[in-house]
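1. need coordinates for the following:
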Amino acid sequence: MSLPKGLGEEVSKNLVMVARLIDEDPEQAYAYSRIALRLASRVAAVREAAGFAAYATQKYSEALAEFRAAKRMTGSVELWPVMADCERGLGRPERALAMAGEPEVQKLDKAGQVEMRLVAAGARRDLGQLEAAIVTLQSPELASHSIQPWTARLRYAYADALLAAGREDEAREWFAKTVEADKDGSMDASDRLAELDGVEFVDALVGDEPDEIDDEDDEQDDAEVAAAERASDQAEYYDEDDEEYEPLERSEADADVDVTDEIVVVEDDDRDDEQDQARDKG
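-> Numbering: from 1, shown residues only. Got it, this is the predicted structure:
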């Protein structure tokens, strides 16, 4: 709203594209974020969007700089957990752990505090401190039977940490609890659970040779049809009186196709004579 109308609309369009593409095409989302950043670098929402786009493409140093800029502009601490995770991405888990102990964490809402706990546990694992990571994730939110937006991710992280520590029975239990909380199936907890139970998935289409042969035949037929059409087009539009006419070069695919027998030219006078002879015989 602080931008002139025309500029504001242009920036908004680019931010919308960032939001639409950040999950399915992060690189393209990043490109749109750079356009918005060039147009309005003093708008906090633009800096935040640029930060998330850089984060999605693993440009952690750039993402951290954008998040810090957005924090300075707004005074909000809501980006604190993702800033700490950028430190992890840069290979500095100790800094991430230090941020987990800062006063800013107490200013976060419940979702932000759970996210900070996840980041801290990840930092512990980066340092090889598996048991410490497990303890970090143990919290009232983990023990709660209430399903919240963060529940599935928290349970999954706990199950994964247990598995990494060799505690398979407990990991199986918490992967199962993750499946219960993951209503939209966005996580692979069911696959992890199946692996622990020794279930193997086999692709029924693998090694289906007849279909592969049919596909090869179809490709060859398509190539022959295309070559025949090109040759037919060339014969149809050929004009001997056109000095600028240059015959199309034949490709290797065309070389194997003989279409000369398919092109028949009949003069009108010869056709009339044949019709007259047919009437006389009748």
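
2. helix or strand for G128, which one?
-> Assigned by DSSP states H and E, G128 belongs to neither a helix nor a strand.

3. what is the burial count for Q113?
-> 18 (other CB atoms under 10 Å). To be clear about C-beta, it is placed using only N, CA and C from the backbone, and glycine gets the same treatment.

4. not counting sequence-adjacent ones, nearest residue to it?
-> Once flanking residues are discounted, Q113 sits nearest to V105: 6.5 Å by CB to CB, 6 or more residues apart in numbering.

5. ok, Q58 next?
-> Counting by CB to CB, 6+ apart, the residue nearest Q58 is G89, at 6.6 Å.

6. I'd assumed T57 was in contact with the one you found.
-> No: using CB atoms under 8 Å, G89 is not in contact with T57, being 11.0 Å away.

7. before we move on, the earlier item: count of neighbours near the residue nearest to Q113?
-> 18.

8. distance of it from A111?
-> V105 sits 13 Å away from A111, going by CB to CB, to the nearest Å.

9. now swap in A123 and tell me
-> To A111, A123 is 19 Å away according to CB to CB.

10. got it, and A189?
-> From A189 to A111 the distance is 20 Å (CB to CB).

11. how many residues are close by R153?
-> With other CB under 10 Å as criterion, R153 counts 17.

12. from S12, how far out is the closest residue to it other than its chain neighbours?
-> Leaving aside its sequence neighbours, R153 sits nearest to L118 (CB to CB, 6+ apart; 6.7 Å). Distance of L118 to S12, computed by CB to CB: 31 Å.

13. so the two - more neighbours on which side?
-> Set L118 next to S12 and count neighbours by other CB under 10 Å: L118 wins out with 21 against 15.

14. tell me the contacts of the more buried one?
-> 81, 137, 153-154, 157 (CB atoms under 8 Å, 6 or more residues apart in numbering).

15. any chance of CSV for the residues you listed, columns pLDDT and secondary structure?
-> Formatted as CSV, those follow (pLDDT from 0 to 100; DSSP: H, G, I helix; E, B strand; the rest coil):
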residue, pLDDT, secondary structure
P81, 98, helix
L137, 97, helix
R153, 95, helix
L154, 97, helix
A157, 97, helix
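
16. in a markdown table, list these along with distance to A100.
-> Below are the contacts of L118 laid out as a markdown table (distance: CB to CB, whole Å):
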| residue | distance to A100 |
| --- | --- |
| P81 | 9 |
| L137 | 12 |
| R153 | 17 |
| L154 | 15 |
| A157 | 14 |
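
17. which helix or strand contains F175?
-> Counting by DSSP H and E, F175 is part of helix 168-181.

18. same thing with C86?
-> helix 80-89.

19. any weak-confidence spans in the chain?
-> Along the chain, the parts satisfying pLDDT under 70 run over 201-282.

20. middle-most residue in it, spatially?
-> Centroid check for the chain by CA atoms, centre = their mean gives E24 as the closest residue, at 3.2 Å.
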